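J.: sequence plus the predicted model coming up.
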Amino acid sequence: MTDVDREILRDHLETSCHRIQRQPSGTDLVAAAYSEAYYLTGCALERGDPDFIRSVRYELTEHGRLMIDAFGGSSDDEERLEDQIEAGIANAHHWVEFKQLTKEDWDAQTCPPDPEDQLAASAVHSLKAKSGRFTMAQASNALPKAEQKWLADGIIPDQGTVLLYGESGIGKSFVALALANAVQTGTSWAGRKVERGTVLYLAAEDPNGILNRMRSSMEHLGIPNEDGPQLVSGSFDLSRNSKDPADLIEVVSQLPKTLPPVRLIIIDTLQMVLGEADENSATEASAVIRNCHMIQNALGCTVMLVHHSGKDGAKKARGSSAFMAASDTIIHVTGTGDQKTIKVTKQKNGAGGLKYMGQLVPILDDESCILEANGEWSTEPARSAPTMKSHIVELLANSPVKAIERHDLRNQYLNLPQMKDLNRETSRKSFLREIDKLLRQGVIQQEGNSIRLPSATATLVRAATVEHVQPSSPPH
């Protein structure tokens, strides 16, 4: 890595940060962050400086956060920004590895193409190098639309990667085991039709506990031992350069032909199959996901990773956001006591936001539990927000200062007692829509990042407030 190369990378990064700052909206900013992270990571890898990626991640994140704050965004927007930056970095690693595999150069390009051009470029240039190994098809050839197939109708994709996560002790394994029994026997899971097939359950964290739960549930459901899921115990490593994924594929290929095809592999838990990998590293997380994809593609099955929540508990899975970014489906398990909520927070090729209320019911003298329905899959009902005009205007009118910074005004609004019963994301979006409406109508004014009431409006609002709260004068 020469000083000239390093200076070129710094110039690329500076230009990318300027592009981030010129985005007209938060949505455009997040999309741009993905593209810039993808481009810069590819440049760094091509020039032999993977350490530069740390600077890419830091600079894009900091510039993006500043702009999100200027747009009046929320912590959720910052999380989406970070997710897209991690996804861009991870996909650039995929691209470089793919290029090295095919030993094919891009046409006189020293940097990776834009994300939108990646598919076309790889089809034209790289796939030619390994004829027979890859399948190519041009969209312009009027091929029929690829239809999404499901292992569990509308919830678990066929031949996909699924991340099932929740807090420790919440009942994730019971949910996964219920799916395993359903697929193995071809019965419904959580009220959804399931395709039958052989299930492998890799019990990496607590093999004895999983075995006992599996036996209890099979006995309760009347499933003969020979018809139950295949339990795989022992150490297993999904990290980079591990031979375990290839060994697993070989073992599965030698299963008796009398068994139905393997349709589902459950890995419980992800933490226990990382080997020496750092779960917070996007690069190493991407390597783990690539190994999952290798298993999935070789066996034509779905791979489900059971994982723990992060420090924030309710929001994200533990470790690098690359795990979530690279998953086709993400399912979050929450609840209190025996009541559980199973919510699809991401569905790459289907409807997200579906949730299911279930109950863990003790069986066989409390030896184990099974998941029973407590309703049907539904979407969260949309809640209407109260009128914003009076709240925003009154906050400005009653402020001890003439103008309020936009993000301070947003925080004051979100902390109003009237907002407590509303979903915070709903309140935030309504605030953004309404404040823009008030600005267009001239009811409020914005100077830089400060928002104020015009003098005449402020006088009228204060007068109306005083008139409303003051008691009438006693008769003379």
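T.: Done, it's in. Numbering: from 1, shown residues only.
J.: only C-alpha atoms from now on, for both contacts and neighbour counts.
T.: OK.
J.: which SS class is residue 358?
T.: What DSSP: H, G, I helix; E, B strand; the rest coil gives for residue 358 is strand.
J.: per-residue confidence at the residue positioned nearest the centre of the chain?
T.: By Cα atoms, centre = their mean, the chain has its centre lying nearest to residue 324, at 4.1 Å. As predicted, residue 324 sits at a pLDDT of 85.
J.: isn't it right up against residue 317?
T.: Yes - assessed by Cα atoms under 8 Å, residue 324 is found in contact with residue 317 at 7.4 Å.
J.: what sits against residue 148?
T.: Residues counted as contacts of residue 148 (Cα atoms under 8 Å, 6 or more residues apart in numbering) are 157-158, 349.
J.: residue 416 - how many residues pack around it?
T.: Counted with other Cα atoms under 10 Å, residues neighbouring residue 416 total 11.
J.: tell me how far it lies from residue 422.
T.: 11 Å (Cα to Cα, to the nearest Å).
J.: same deal with residue 12?
T.: According to Cα to Cα, residue 12 and residue 422 sit 43 Å apart.
J.: can you give me the strands for the stretch 301-450 of the chain?
T.: For the stretch 301-450 of the chain, the strands defined by DSSP state E, counting those that start in this stretch occupy 302-308, 329-336, 339-347, 354-363, 368-373, 378-379, 403-405, 445-447, 450-452.
J.: show me what counts as buried in the fourth one.
T.: Neighbour counts using 16 or more other Cα atoms under 10 Å place 354-360 of strand 354-363 among the buried residues.
J.: and for it, what's in contact with it?
T.: By Cα under 8 Å, 6+ apart, the list of residues contacting strand 354-363 reads 174, 190, 216-217, 220, 338-345, 368-380.
J.: list the contacts for the residue nearest to the centre of the chain?
T.: 163, 317, 330.
J.: of the residues you listed, buried ones?
T.: Burial by neighbour count, judged by 16+ other Cα under 10 Å, picks out 163, 317, 330 from the contacts of residue 324.
J.: pLDDT and distance to residue 71 for the residues you listed - can I get that in JSON lines?
T.: Shown next, in JSON lines, are these (pLDDT from 0 to 100; distance: Cα to Cα, whole Å):
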{"residue": "163", "pLDDT": "96", "distance to residue 71": "32"}
{"residue": "317", "pLDDT": "90", "distance to residue 71": "27"}
{"residue": "330", "pLDDT": "93", "distance to residue 71": "28"}
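J.: format the residues you listed as JSON lines; extra columns: distance to residue 278.
T.: Below are these laid out as JSON lines (distance: Cα to Cα, whole Å):
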{"residue": "163", "distance to residue 278": "18"}
{"residue": "317", "distance to residue 278": "15"}
{"residue": "330", "distance to residue 278": "21"}
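J.: looking at the chain, which helix or strand is least sure?
T.: Every helix and strand in the chain was compared by mean pLDDT, DSSP states H and E; the lowest is helix 118-121, with a mean of 37.
J.: tell me how far the closest residue to residue 419 other than its chain neighbours lies from residue 395.
T.: With Cα to Cα, 6 or more residues apart in numbering as the criterion, residue 419 has its nearest non-adjacent residue at 6.9 Å, and that residue is residue 427. Using Cα to Cα, residue 427 is found at 16 Å from residue 395.
J.: check residue 438 too.
T.: 14 Å.
J.: and stretch 239-253, which residues are buried?
T.: Of the residues in stretch 239-253, 239-240, 242, 245 count as buried by neighbour count, 16+ other Cα under 10 Å.
J.: cool, stretch 251-262 as well?
T.: Buried-residue list, stretch 251-262, by 16+ other Cα under 10 Å: 261-262.
J.: cool, stretch 413-431 as well?
T.: Buried residues in stretch 413-431, counted by 16+ other Cα under 10 Å: 413-414, 419, 422, 427-428, 430-431.
J.: nearest to residue 7 among the residues you listed?
T.: Nearest to residue 7 among the buried residues of stretch 413-431 is residue 428, at 41.1 Å by Cα to Cα.
J.: can you pull the pLDDT of that closest one?
T.: 73.
J.: for residue 278, the count of nearby residues, please.
T.: 15.
J.: you'd agree residue 201 is in a strand?
T.: Yes - assessed by three-state DSSP, residue 201 belongs to a strand.
J.: that one contacts residue 230, doesn't it?
T.: Yes - under the criterion of Cα under 8 Å, residue 201 makes contact with residue 230 at 6.1 Å.
J.: these two: who's more crowded?
T.: Set side by side, residue 201 and residue 230 show more neighbours around residue 201, with 24 against 17, by other Cα under 10 Å.
J.: ok, that one to residue 229 distance?
T.: From residue 201 to residue 229 the distance is 7 Å (Cα to Cα).
J.: before we move on, what about residue 274?
T.: Plainly put, residue 274 is 23 Å away from residue 229 if you go by Cα to Cα.
J.: now residue 307
T.: Applying Cα to Cα, the value for residue 307 to residue 229 is 20 Å.
J.: and for residue 360?
T.: Between residue 360 and residue 229 the computed distance is 20 Å (Cα to Cα).
J.: hmm, back to that, so which of the buried residues of stretch 413-431 are in helices?
T.: When DSSP state H defines the helices, the subset of those inside them is 413-414, 427-428, 430-431.
J.: could you pull out the helices for the stretch 51-200 of the chain?
T.: In the stretch 51-200 of the chain, the helices defined using DSSP state H, counting those that start in this stretch lie at 52-70, 75-102, 118-121, 172-185.
J.: also the stretch 201-350 of the chain?
T.: So, for the stretch 201-350 of the chain - with DSSP H, counting those that start in this stretch - the helices run 207-221, 244-253, 282-299, 322-325.
J.: pLDDT at residue 234, what is it?
T.: Residue 234 carries a pLDDT score of 81 in this model.
J.: before we move on, what about residue 388?
T.: Confidence score, pLDDT, at residue 388: 39.
J.: then residue 218?
T.: At residue 218, the model reports a pLDDT of 94.
J.: identify the residues contacting it.
T.: Counting by Cα under 8 Å, 6+ apart, residue 218 touches 181, 224-225, 228.
J.: can you tell me how far it is from residue 190?
T.: Look at residue 218 and residue 190: by Cα to Cα, they are 17 Å apart.
J.: list the contacts of the residue nearest to residue 217 when sequence neighbours are not counted.
T.: Excluding the flanking residues, the one nearest residue 217 by Cα to Cα, 6+ apart is residue 370, at 6.5 Å. By Cα under 8 Å, 6+ apart, residue 370 lies in contact with 174, 178, 217, 360-363.
J.: hmm, back to that, residue 256 is nearest to which of the strands of the stretch 301-450 of the chain?
T.: Among the strands of the stretch 301-450 of the chain, strand 302-308 comes nearest to residue 256, with 19.8 Å by Cα to Cα.
J.: residue 39: which element?
T.: helix 26-46 (DSSP states H and E).
J.: nearest residue to residue 374 other than its sequence neighbours?
T.: Nearest to residue 374 is residue 358, by Cα to Cα, 6+ apart, at 4.8 Å.
J.: again, but for residue 232
T.: Closest to residue 232 by Cα to Cα, 6+ apart is residue 202, at 4.6 Å.
J.: that neighbour touches residue 235, doesn't it?
T.: No - with contact defined as Cα under 8 Å, residue 202 does not reach residue 235; the gap is 9.3 Å.
J.: having no further points to raise, I will conclude here.
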